[in-house]
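*Asks:* Prediction below, plus the sequence it came from.
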Amino acid sequence: MPKEREQWGSRFGFIMAAAGSAVGLGNIWRFPYITGKFGGAAFVMVYLAVVVVIGISVMLAEFAIGRNAQSDAVGSFRKLGGGLWPLVGWMGFFCGFVILSYYAVIAGWTLAYMFKSFGSLMQSAAAGKAGDVFGAFVSDPVQSIAYHIAVMAIVAGIVYKGISGGIEKCCKVLMPALFVILLVLIVRSVTLPGAGAGLEFYLKPDFSKLTGEAVLAAVGQGFFSLSLGMGCMITYGSYLGKSDYLPTTAATVVFLDTSVAILAGFVIFPAVFAFGIEPGAGPGLTFVTLPAVFAKMPFGMVFSFGFFLLLFIAALTSAISLLEVVVTYAIDQLKWSRTKAAIVMGTAIALLGIPSALSVGGHIPQIAGKDFLDAADFITNNIIMPLGGIFISVFVGWVWADGAKAEVTDNGKMVFPMYTVWLWICRVVAPVCIAIIFITGLKW
Ligand code: PFF
């Protein structure tokens, strides 16, 4: 007799796990920075429109595919679509594998910085040397690889414990903890003298910056942030029972993810501006600018620790979902045990992450002018995920529309008044919008 498929223990647990996947490094450093760059509140409005219209729709599409097929991304497309459709699942498998390899490297930095907060980081940052500390850390192969492997071991250890006993249990604790830490940090940041200038920079609507590029950035950011286009939500959906009403579940996950992204800006900008520091971008902002900010605060080491813990939790729960995409494939298609899948796939991904870890310190040659890490990010983020998003929407909109309707309504037992709107978003709006960002984002 085939073994019964694992299931999430509760609706709350599933929402925390899916939100855990969505809330990641993308929310905490990338979103606030893009918002500041593209016109503050004006950009937030566009972003909201994108995630409400396209984000919820594609997430619902992924949940419906996974729950109906009760299989990994490749198996789901094989079952529901056949023909070449499983290739879309393969693209997801590839993304899970490659994204996790470098994502775990960066998660390793956040783990290291949690400890460094109590070491000499604060003194060095106070002396204007936070950049040197970061440079020395990422170019030390032993440290960066060791933290990367430690993260992969933690991730594989949780995934090995299974859906409800590992992933759900851990996300049910970590996600509420993440919210609490976020709120504490917001209160600290916005009550600093001079915080208002940061709030103004972050939120003052500047419609002149709302260019075409800004709209494209909103779509790209929305996809990565919501973990869409690579079968992650198909995989998580495949462990759902029939009783959940998927549209509200998808909307809740999108709401939580977007809230964390917007709130993260209330931690970063008021603090940065209160101390008269230029907000940098990306890793620089997180690992160089912010330690300098914390160094100037009373009890800075505690807030520094809290901030890197926040980032670590966000990264860990996302990393878990990336590994689960690959592990579910191995369990469903290769018929491996969960233990074997977690160990073998976890090890393989840890090994693939080593060149990424080494590339940041310049220890290995670049690929056509990009670090290995940046190249891996570019290929997955700018090429495969948008393509995946297009194919998933088209599949649900044109190939499996009746099946999707039956799945979402549990064969007509529940009502789904927005079905026609959803259908046309999947058929036309989402594929066209994503195709535009795909083409424009193709600059290497
Ligand atoms: N959503 C995560 C973030 O915002 O950092 C990244 C991510 C996780 C992308 C899982 C894709 C995925 F399947």
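*Replies:* Yes, it's here.
*Asks:* near the ligand, which residues of this structure?
*Replies:* Residues of the chain lying close to the ligand (Cβ under 6 Å from any ligand atom) are 21-22, 24-27, 99, 224-225, 227, 230, 232, 318, 321-322. (Each C-beta comes from the backbone N, C-alpha and C, glycine too.)
*Asks:* Out of these, which comes closest to Val138?
*Replies:* Leu25 (15.3 Å; Cβ to Cβ).
*Asks:* gap between that closest one and Ser318?
*Replies:* Distance of Leu25 to Ser318, computed by Cβ to Cβ, to the nearest Å: 7 Å.
*Asks:* And for Leu100?
*Replies:* In terms of Cβ to Cβ, Leu100 sits 9 Å off from Ser318.
*Asks:* Which one of these two is surrounded by more residues?
*Replies:* Set Leu100 next to Ser318 and count neighbours by other Cβ atoms under 10 Å: Leu100 wins out with 30 against 25.
*Asks:* How about the contacts made by the more buried one?
*Replies:* If you count contacts by Cβ atoms under 8 Å, 6 or more residues apart in numbering, Leu100 has them with Val155, Ala319, Leu322, Leu323, Val326, Ile349, Gly353.
*Asks:* Repeat the analysis, applying 7 Å as the threshold.
*Replies:* Applying Cβ atoms under 7 Å, 6 or more residues apart in numbering, we find Leu100 in contact with Ala319, Leu322, Leu323, Ile349.
*Asks:* just checking, which of these belong to helices?
*Replies:* Counted as lying in helices by DSSP state H, out of these, are Ala319, Leu322, Leu323, Ile349.
*Asks:* quick revisit: with neighbour count as new columns, can the contacts of Leu100 be given to me in a markdown table?
*Replies:* Listed next are the contacts of Leu100 as a markdown table, based on neighbours: other Cβ atoms under 10 Å:
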| residue | neighbour count |
| --- | --- |
| Ala319 | 28 |
| Leu322 | 27 |
| Leu323 | 25 |
| Ile349 | 25 |
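*Asks:* Closest one to the ligand out of these, please.
*Replies:* The ligand lies nearest to Leu322 out of the contacts of Leu100, by Cβ to the nearest ligand atom, at 4.9 Å.
*Asks:* Name the nearest residue to that closest one, ignoring sequence neighbours.
*Replies:* Using Cβ to Cβ, 6 or more residues apart in numbering and skipping residues adjacent in sequence, the residue nearest Leu322 is Leu100, 3.9 Å away.
*Asks:* try Ala348
*Replies:* Spatial nearest neighbour of Ala348, excluding adjacent residues (Cβ to Cβ, 6+ apart): Phe97 at 7.6 Å.
*Asks:* Remind me which helix or strand that neighbour belongs to.
*Replies:* helix 86-116 (DSSP states H and E).
*Asks:* could you point out which element follows that helix?
*Replies:* helix 121-126.
*Asks:* Show me what the helix or strand just after that next one packs onto, helices and strands only.
*Replies:* Using DSSP H and E, the helix or strand that follows helix 121-126 in sequence is helix 130-138. Here helix 130-138 touches helix 121-126, helix 141-160, going by 3 or more Cβ pairs under 7 Å, 6 or more residues apart in numbering; DSSP states H and E.
*Asks:* looking at those helices, which is closest to Gly92?
*Replies:* That would be helix 141-160 among those, by Cβ to Cβ, at 16.3 Å.
*Asks:* other SSEs contacting that closest one?
*Replies:* Secondary-structure packing of helix 141-160 (3+ Cβ pairs under 7 Å, 6+ apart): helix 86-116, helix 130-138, helix 300-332, helix 338-360.
*Asks:* What residues of the first one count as buried?
*Replies:* Applying a neighbour-count criterion of 16 or more other Cβ atoms under 10 Å, the buried positions in helix 86-116 are 86, 88-114, 116.
*Asks:* do the last one as well
*Replies:* Of the residues in helix 338-360, those with enough neighbours to count as buried (16+ other Cβ under 10 Å) are 338, 341-346, 349-350, 352-360.
*Asks:* for the longest one, same thing?
*Replies:* Judged by neighbour count using 16+ other Cβ under 10 Å, the buried positions of helix 300-332 are 300-301, 303-332.
*Asks:* Likewise for stretch 247-255?
*Replies:* Pro247, Thr249, Ala250, Ala251, Val253, Val254.
*Asks:* hang on, the earlier thing: output the helices and strands packed on helix 130-138 as CSV; include the columns mean neighbour count and mean pLDDT.
*Replies:* Below are the helices and strands packed on helix 130-138 laid out as CSV (neighbours: other Cβ atoms under 10 Å; pLDDT from 0 to 100):
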stretch, mean neighbour count, mean pLDDT
helix 121-126, 20, 94
helix 141-160, 20, 97
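*Asks:* okay if I get the contacts of Leu100 as a markdown table plus pLDDT?
*Replies:* Formatted as a markdown table, these follow (pLDDT from 0 to 100):
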| residue | pLDDT |
| --- | --- |
| Ala319 | 98 |
| Leu322 | 98 |
| Leu323 | 98 |
| Ile349 | 98 |
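*Asks:* follow-up on the earlier one: the buried residues of stretch 247-255 into JSON lines, with extra columns for pLDDT, distance to Ser238 and secondary structure?
*Replies:* Below are the buried residues of stretch 247-255 laid out as JSON lines (pLDDT from 0 to 100; distance: Cβ to Cβ, whole Å; DSSP: H, G, I helix; E, B strand; the rest coil):
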{"residue": "Pro247", "pLDDT": "97", "distance to Ser238": "18", "secondary structure": "helix"}
{"residue": "Thr249", "pLDDT": "97", "distance to Ser238": "14", "secondary structure": "helix"}
{"residue": "Ala250", "pLDDT": "98", "distance to Ser238": "15", "secondary structure": "helix"}
{"residue": "Ala251", "pLDDT": "98", "distance to Ser238": "20", "secondary structure": "helix"}
{"residue": "Val253", "pLDDT": "98", "distance to Ser238": "16", "secondary structure": "helix"}
{"residue": "Val254", "pLDDT": "98", "distance to Ser238": "20", "secondary structure": "helix"}
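*Asks:* I'd like to know which of those is nearest to the ligand.
*Replies:* The ligand lies nearest to Val253 out of these, by Cβ to the nearest ligand atom, at 10.7 Å.
*Asks:* Before I go, just wanted to say thanks for your time.
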